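In: predicted model, plus sequence, below.
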Amino acid sequence: MPYIKKEDRKVFDYLVKKLWINEDTPAGEINYLITKILLKSTGKKRTYKRLNELVGVLRCCSLEFYRRVVAPYEDKKIKENGDLPEFNQFE
C-alpha cells in the first residue's frame with residue numbers, strides 16, 4: 001500500500017471523494033480510470049524503466065489489496081460456511 005505521509009494524502013483523498021465510484025460502479029469503468037491514470041503518468045516519452053515501474057505499482061497494489069481486503073473476507077467466509085476438506089489435509 002502506498003503508505004505516504006498523512007499530510008501528503010489530503011490532495012489524493014480529495015480527488016478520490018470527487019470520483020463517482022461506489023460499490024455499484026462496474027469493474028470495467030474502474031479499469032478504464034486506472035488505465036487513464038497510468039497512461040497519463042507515462043506521458044508521450046515512454047521508457048521501459050517507467051513502464052516497468054508502473055507494472056510494479058499495479059502488482060504491489062493488487063497484492064496489498066488482496067492481503068488487506070480479500071484475504072480477511074475469505075477467512076470470514078471460511079468461518080461462516082466451513083472450509084474445503086481438501087485444504088485440511090495440509091494441517
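Out: Arrived safely.

In: may I have the secondary structure class of Thr25?
Out: Following DSSP: H, G, I helix; E, B strand; the rest coil, the label given to Thr25 is coil.

In: quick check on it: phi, psi?
Out: phi -70, psi 130 (degrees, to the nearest 10).

In: biggest helix in this protein by residues?
Out: Using DSSP state H to assign secondary structure, the helix with the most residues in the chain is helix 48-65.

In: got a list of contacts for that helix?
Out: Helix 48-65 is contacted by residues 1, 34, 38, 41-42 when judged by C-beta atoms under 8 Å, 6 or more residues apart in numbering. C-betas here are computed from N, CA, C, even on glycine.

In: and Arg9, what helix or strand is that in?
Out: In this structure, Arg9 sits in helix 6-18 according to DSSP states H and E.

In: ok, then the element right after that helix?
Out: Counting by DSSP H and E, the next helix or strand C-terminal to helix 6-18 is helix 27-42.

In: distance from the chain centre to that next one, please.
Out: Its chain's C-alpha centre and that of helix 27-42 lie 12 Å apart, by C-alpha atoms, centre = their mean, to the nearest Å.

In: thanks a lot, see you next time.
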